[in-house]
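Chemist: below is the sequence, then the predicted model.
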Amino acid sequence: MTRTRRSSRVNPKKFPHVTPDIVADEQLLANAVEALLVEHPDMVRHRRRIVRRQEALQRLVSPEAWQRYLKVEEATNVRYDLALRLVAAWAFERGRKCGR
């Protein structure tokens, strides 16, 4: 079954303004990436779905297994955050080199 997908575009005016100073600062760049993603409709929908599945999983496993799962989840999130910052910095630099 094919699901019809509604448009989930975000108004580009709501995008954070990224400057060379922001790109050079890991925390500021992470904040800019988060600002872009936190309100995006697709991200909101996925976040809700993840929370529901985590709640279901937590009911099925022991407290120790749940803590181990959270450690794996934390490591995955750190890697994902780094990847987003690297891509954002790369895209910013490419845009500057292309005059955009």
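Modeler: Yes, it's here.

Chemist: Y69: neighbour count?
Modeler: Neighbour count of Y69, defined by other C-beta atoms under 10 Å: 14. No exception for glycine: its C-beta is placed from N, CA and C like everyone else's.

Chemist: and the helix or strand where it lies, what does it pack against?
Modeler: Under the criterion of DSSP states H and E, Y69 resides in helix 63-97. Where contact means 3 or more C-beta pairs under 8 Å, 6 or more residues apart in numbering; DSSP states H and E, helix 63-97 is packed against helix 20-24, helix 26-38, helix 41-60.

Chemist: okay, the ones you listed in a markdown table with mean neighbour count, distance to A91 and mean pLDDT next?
Modeler: Converted to a markdown table, those look like this (neighbours: other C-beta atoms under 10 Å; distance: least, C-beta to C-beta, whole Å; pLDDT from 0 to 100):
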| stretch | mean neighbour count | distance to A91 | mean pLDDT |
| --- | --- | --- | --- |
| helix 20-24 | 14 | 10 | 84 |
| helix 26-38 | 15 | 11 | 83 |
| helix 41-60 | 11 | 18 | 95 |
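
Chemist: which of these sits closest to E93?
Modeler: Closest of those to E93 is helix 20-24, at 7.4 Å (criterion: C-beta to C-beta).

Chemist: contacts for stretch 46-61?
Modeler: With contacts defined as C-beta atoms under 8 Å, 6 or more residues apart in numbering, stretch 46-61 is touched by 66, 69.

Chemist: how far out from the middle of the chain is it?
Modeler: Remark: stretch 46-61 is offset 18 Å from the chain centroid, using C-alpha atoms, centre = their mean, to the nearest Å.

Chemist: now swap in stretch 87-95 and tell me
Modeler: Distance, stretch centre to chain centre, for stretch 87-95: 16 Å (C-alpha atoms, centre = their mean).

Chemist: then stretch 41-51?
Modeler: Chain-centre distance of stretch 41-51: 11 Å, with C-alpha atoms, centre = their mean.
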